[in-house]
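Peer 1: Fold the following for me, if possible:
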Amino acid sequence: MKLRHLIGTALVVVPGLQGFAQSVHPMSPEEYLSLDRANEPALSPDGKWSVYTVTRTDLAANERRQGVWLVSAEGGEPNQISTDSLGGHGGRWSPDGRTIAFTSTRGGTPQVWLYSLADGGRRQLTSLSTGADGVIWSPTGTHLAFVSEVYPSCPDDACNAKRAEEAAREPSKARVYDELLHRHWKSWEDGLRSHLFVVPATGGTPRDLTQGKDYDTPVPPFGSSADYAFSPDGKEMAFTAKPGHDDAWVTNSDIFTVPITGGEPANVTAALKGAEQTPAYSPDGKFLAFLSQERAGFESDRLRLMVLDRRTGVPRELPKGLDLSIVEYGWLGNELIAVVEDRQRHTMLHITAEGDVHRVFRDENLNPSEISVGRDGQTPVIAFIGDGIANPGDVYAWRVDHAHPAPPRALTRLNATSVSRLTMRPAEEVKWKGADGDTVYGRGRIDVYKAYQLGLAESIRAAPTPKPVGPTAGAEL
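Peer 2: Numbering: from 1, shown residues only. This is a model prediction of the structure:
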């Protein structure tokens, strides 16, 4: 959600501005928190449908619930496929388009479930004591991958269950740490690691591909299922990890590959000293793309789109002359669709196999993110979450048809009723001179800012003269 500016102005009340604030219906914190949230859109293989997640908040119960929904890429009435009260999230299509895998806690712990579009049936695929999340399909449809937080030294689920039971019986919950990081934000290190698993689509015992490794994949706190991927033949996986015990001091995460039958993971970006993430194989299997920061230890460095030649092992930056940070990307044949940060908004790019960059979509009130790229026949289709200051966020689909150009279509209108009761005015771009004379861009409500300045100035002029601080003031108190 990109509503920070609006909320900030709604909560500012200074002398001289009461009439301004009361003349509109600004968004309250409760209204903001109660907005439905859409995320995780995923196109079907034929580009005709999108599955997505909706998160709804019950303020009175102090809880949020997620559900998996399905909607036509042409629009229409959405249908919830996770119909029980425990819902689900992270829906992903099988390559044949007949099954949707998702994560649900309907069995008590989060597990991978499969939904059949033919009959609406659901079956549980995993039953690990440590749970499962972030499920994806192999392009062959024979396997699925997911992550689970396990004890890294445990060889199987029985060991993990035993260790968890022993930890639960400990009379003291005190922790002892002898290295950093002991906590990242609000999450304490608890001895568990997020490991990558594969399981046959027909069921069976999941295989831990990073068994024995004392590192996480994806790398917390921002990692997701975009941080691991199958090769086109389904025989190999690439994943992001950050080995070592110096997390507090380095940013050097790397891309590893490992056979789905198991084995020692190979670091294919060891020569790169910045942070690498979000690997994705080209459909022909010749290249492995990923995002990379060039400078070691620099968390806010520009994210570059790299492609690694799997035959030579040599990576190179693909886009020519691009100085913007790439947020995400997806393969479209041997070319790519990418989203970049561009003056406080997101711009969608088309990047050719030769590295030529074309800006194809930008809308000040429709900020694309979480893109899912596919085709309907020969027509490219891109599903994404679009939001803005006056748009809390919905699922959109864009058919990139040059013969019949049309704007993206809203597939959901989750907060239409709530927003209709609010004065949702768009922010404007502002700019100022920064270091070395560079122009710095931002976004804000210019009218509110000027009114705030005027009201604050009037308040200061009307304020009584401060009393001196000293013995007399102390006596009064």
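
Peer 1: what comes up buried for stretch 32-50?
Peer 2: 32, 35, 37-45, 47-50 (16 or more other CB atoms under 10 Å). All C-beta atoms are positioned from the backbone trio N, CA, C, and that covers glycine.

Peer 1: Apart from its chain neighbours, what residue comes closest to residue 93?
Peer 2: Once flanking residues are discounted, residue 93 sits nearest to residue 44: 5.2 Å by CB to CB, 6 or more residues apart in numbering.

Peer 1: ok, the one you found - contacts?
Peer 2: Applying CB atoms under 8 Å, 6 or more residues apart in numbering, we find residue 44 in contact with 50, 51, 73, 93, 97, 374.

Peer 1: Kindly reformat these as JSON lines containing distance to residue 81, pLDDT and secondary structure.
Peer 2: Below are the contacts of residue 44 laid out as JSON lines (distance: CB to CB, whole Å; pLDDT from 0 to 100; DSSP: H, G, I helix; E, B strand; the rest coil):
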{"residue": "50", "distance to residue 81": "12", "pLDDT": "98", "secondary structure": "strand"}
{"residue": "51", "distance to residue 81": "8", "pLDDT": "98", "secondary structure": "strand"}
{"residue": "73", "distance to residue 81": "16", "pLDDT": "95", "secondary structure": "coil"}
{"residue": "93", "distance to residue 81": "12", "pLDDT": "98", "secondary structure": "strand"}
{"residue": "97", "distance to residue 81": "14", "pLDDT": "97", "secondary structure": "coil"}
{"residue": "374", "distance to residue 81": "19", "pLDDT": "93", "secondary structure": "strand"}
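
Peer 1: Now for the buried residues of stretch 32-50: which two are most distant?
Peer 2: With distances taken as CB to CB, the most widely separated pair in the buried residues of stretch 32-50 is 32 and 45, at 36.6 Å.

Peer 1: so where's this structure uncertain?
Peer 2: Across the chain, the ranges flagged by pLDDT under 70 are 1-24, 84-86, 446-477.

Peer 1: in it, which spans are helices?
Peer 2: 4-10, 18-22, 29-33, 157-169, 416-420, 446-462, 471-476 (DSSP state H).

Peer 1: tell me the domain boundaries of this structure?
Peer 2: Structural domains assigned to the chain are 1-34+425-464, 35-166+191-424, following automatic domain parsing.

Peer 1: Just to check, residue 33 is in contact with residue 58?
Peer 2: No: taking CB atoms under 8 Å as the definition, residue 33 is not a contact partner of residue 58, at 10.2 Å.

Peer 1: one step back: now, of the contacts of residue 44, which are buried?
Peer 2: 50, 51, 73, 93, 374.

Peer 1: The fourth one contacts residue 51, correct?
Peer 2: Yes: using CB under 8 Å, residue 93 and residue 51 qualify as a contacting pair, with a distance of 6.8 Å.

Peer 1: number of nearby residues for the closest residue to residue 324 other than its chain neighbours?
Peer 2: Leaving out its chain neighbours, the residue that sits closest to residue 324 by CB to CB, 6+ apart is residue 340, at 4.2 Å. The number of residues packed near residue 340 is 24, by other CB atoms under 10 Å.

Peer 1: Which residues are in contact with residue 340?
Peer 2: Shown in contact with residue 340 (CB under 8 Å, 6+ apart): 322, 324, 325, 326, 327, 346, 347, 349.

Peer 1: and the closest residue to the last one other than its chain neighbours, how far is that from residue 350?
Peer 2: With CB to CB, 6+ apart as the measure, residue 338 is the residue that lies nearest to residue 349, at 4.6 Å, once sequence neighbours are left out. Counting by CB to CB, to the nearest Å, the gap from residue 338 to residue 350 is 8 Å.

Peer 1: cool, residue 63 as well?
Peer 2: 42 Å.

Peer 1: Compare neighbour counts for the two and give me the winner.
Peer 2: Of the pair residue 63 and residue 350, residue 350 is the one with more neighbours under other CB under 10 Å, namely 17 against 9.

Peer 1: now the more buried one, which residues is it bridged with?
Peer 2: Residue 350 has these beta-bridge partners by DSSP bridges: residue 337, residue 358.

Peer 1: now it: how far from residue 399?
Peer 2: 14 Å.

Peer 1: Might you report the residue contacts of residue 381?
Peer 2: Residue 381 is in contact with 43, 47, 73, 373, 374, 375, 397, 398, 399, 400, counting by CB under 8 Å, 6+ apart.

Peer 1: so who does the first one touch?
Peer 2: Spelled out, it's residue 43. Here residue 43 is in contact with 49, 50, 73, 93, 372, 373, 374, 381, 383, 397 (CB under 8 Å, 6+ apart).

Peer 1: Generate JSON lines for those residues, with distance to residue 172 as supplementary columns.
Peer 2: Output for these, formatted as JSON lines (distance: CB to CB, whole Å):
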{"residue": "49", "distance to residue 172": "52"}
{"residue": "50", "distance to residue 172": "49"}
{"residue": "73", "distance to residue 172": "54"}
{"residue": "93", "distance to residue 172": "47"}
{"residue": "372", "distance to residue 172": "47"}
{"residue": "373", "distance to residue 172": "51"}
{"residue": "374", "distance to residue 172": "52"}
{"residue": "381", "distance to residue 172": "55"}
{"residue": "383", "distance to residue 172": "49"}
{"residue": "397", "distance to residue 172": "53"}
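
Peer 1: out of those, which one sits closest to residue 262?
Peer 2: Among these, and counting by CB to CB, the member closest to residue 262 is residue 93, at 26.4 Å.

Peer 1: Name all residues that make contact with the closest one.
Peer 2: Residue 93 touches 42, 43, 44, 45, 51, 99, 100, 137, counting by CB under 8 Å, 6+ apart.

Peer 1: what's the most distant pair in these?
Peer 2: 43 and 99 (14.9 Å).

Peer 1: on that earlier part again, just the contacts of residue 93 now: which is nearest residue 183?
Peer 2: When these are compared against residue 183 (criterion: CB to CB), the nearest one is residue 42, at 32.9 Å.

Peer 1: shouldn't the closest one be in contact with residue 91?
Peer 2: Yes: counting by CB under 8 Å, residue 42 does reach residue 91; the two are 6.0 Å apart.

Peer 1: Could you pull out the residues contacting both of these two?
Peer 2: 51, 52.

Peer 1: ok, back up a step: what would the contacts of residue 44 look like in CSV with distance to residue 152?
Peer 2: Output for these, formatted as CSV (distance: CB to CB, whole Å):
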residue, distance to residue 152
50, 36
51, 32
73, 41
93, 31
97, 36
374, 36
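
Peer 1: Thank you kindly, that will do.
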